[in-house]
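Please find the sequence and the predicted model below.
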Amino acid sequence: MAKQEEKVLLTEVASKQLLKDAGIPVIETVLARTKREAIDLAGEMGFPVAMKIVSPDVPHKTDAGGVRLGLTSAARVGDAYSEMLSSVRGHVPGAVIEGVSIQKMAPPGVEIIIGMSRDAQFGPVIMFGLGGVLVEVLKDVSFRLVPVAPRDAAEMVREIKGYALLTGYRGQEPVDIPALERIIVAVSDFIEANPRVSELDLNPLIASGDGIVAVDARIIMDDEPPVNSRR
């Protein structure tokens, strides 16, 4: 009997650290294991902050009530911590909860997504498109096989129907498109260097004229590299 392949879902904090080490810009995120620690870390970081549940058993944090945004005081952080844990335990009984992540609220900008999955025949495939809730509604995305060259990244950005949103639609500030293209290439390089990564989602990244930063990240790892891995 063939061995069943095991998957490991990395926490948001661990996923962001791997990406940061690879030179991909992520918003500073720290782990708080208790309510007191969450309050103290949020105060040190400076309000307003966002707070999200950290659990390998809760891949969809929003659906389980595990996300709170725009927390402006220590009291709100404390209340949100208790509410989130109660909600997640109700939605996912038995979930292992490591704590909560604390991060500064991201600056305004266009929400985009960069994702990756492994096709059984073609290997790793990278995706780019409009992110946040729009990715499921509009499905406005482009795809390329890894590795992605700078020219491929430029084509991916310009292929989506929402490209006008990135260039300054109706007087809005245009996005730093060269930085966006560099991040797509950097993600491709990260995937090539880490063949155990079976799935990756950066959603959303916030794109503005000042640069691009990943607000949330999710990485799923295989126990072993795929058989058809080139490394």
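Good, I have the coordinates.

Show the contacting residues for residue 162.
Listed by CB atoms under 8 Å, 6 or more residues apart in numbering, the contact partners of residue 162 are 129, 130, 134, 138, 140. C-beta coordinates here come from the backbone N, C-alpha and C atoms, glycine included.

and it, how far is that from residue 201?
18 Å (CB to CB, to the nearest Å).

after the helix-or-strand element of the chain with minimal mean pLDDT comes which helix or strand?
Sorting the helices and strands of the chain by mean pLDDT, DSSP states H and E puts helix 134-138 at the bottom, at a mean of 71. Next in sequence after helix 134-138, counting helices and strands by DSSP states H and E, comes strand 141-145.

Show me what counts as buried in that next one.
Within strand 141-145, the residues scored as buried using 16 or more other CB atoms under 10 Å are 141, 142, 144.

go on, stretch 87-103?
Across stretch 87-103, burial judged by 16+ other CB under 10 Å covers 87, 88, 92, 95, 97, 98, 99, 100, 101, 102, 103.

and which of those residues is nearest residue 8?
residue 98 (13.8 Å; CB to CB).

Can you tell me the closest non-neighbouring residue to the closest one?
Distances taken as CB to CB, 6 or more residues apart in numbering put residue 54 closest to residue 98, at 4.6 Å, once the chain neighbours are dropped.

my read: the one you found touches residue 96, true?
No - here residue 54 lies out of contact with residue 96, judged by CB atoms under 8 Å, at a distance of 9.7 Å.

got TSV for the buried residues of strand 141-145, with distance to residue 107 too?
TSV is the format used below for those (distance: CB to CB, whole Å):
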residue	distance to residue 107
141	24
142	25
144	28
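
could you dump those to CSV with distance to residue 59 and pLDDT?
CSV is the format used below for the buried residues of strand 141-145 (distance: CB to CB, whole Å; pLDDT from 0 to 100):
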residue, distance to residue 59, pLDDT
141, 20, 94
142, 24, 97
144, 25, 98
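
Looking at those residues, which one is closest to residue 167?
residue 142 (15.8 Å).

I'd say that closest one and residue 160 touch.
Yes - Residue 142 lies in contact with residue 160 (CB under 8 Å); the separation is 5.6 Å.

just checking, what packs against the longest strand seen in the chain?
Secondary structure assigned by DSSP state E gives strand 197-208 as the longest strand of the chain. Secondary-structure packing of strand 197-208 (3 or more CB pairs under 8 Å, 6 or more residues apart in numbering; DSSP states H and E): strand 110-119, helix 177-193, strand 211-214, strand 217-222.

got CSV for those, with mean pLDDT, mean neighbour count and distance to residue 31 too?
Formatted as CSV, the helices and strands packed on strand 197-208 follow (pLDDT from 0 to 100; neighbours: other CB atoms under 10 Å; distance: least, CB to CB, whole Å):
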stretch, mean pLDDT, mean neighbour count, distance to residue 31
strand 110-119, 95, 21, 23
helix 177-193, 97, 19, 22
strand 211-214, 95, 22, 17
strand 217-222, 95, 21, 14
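
This completes my enquiry, with thanks.
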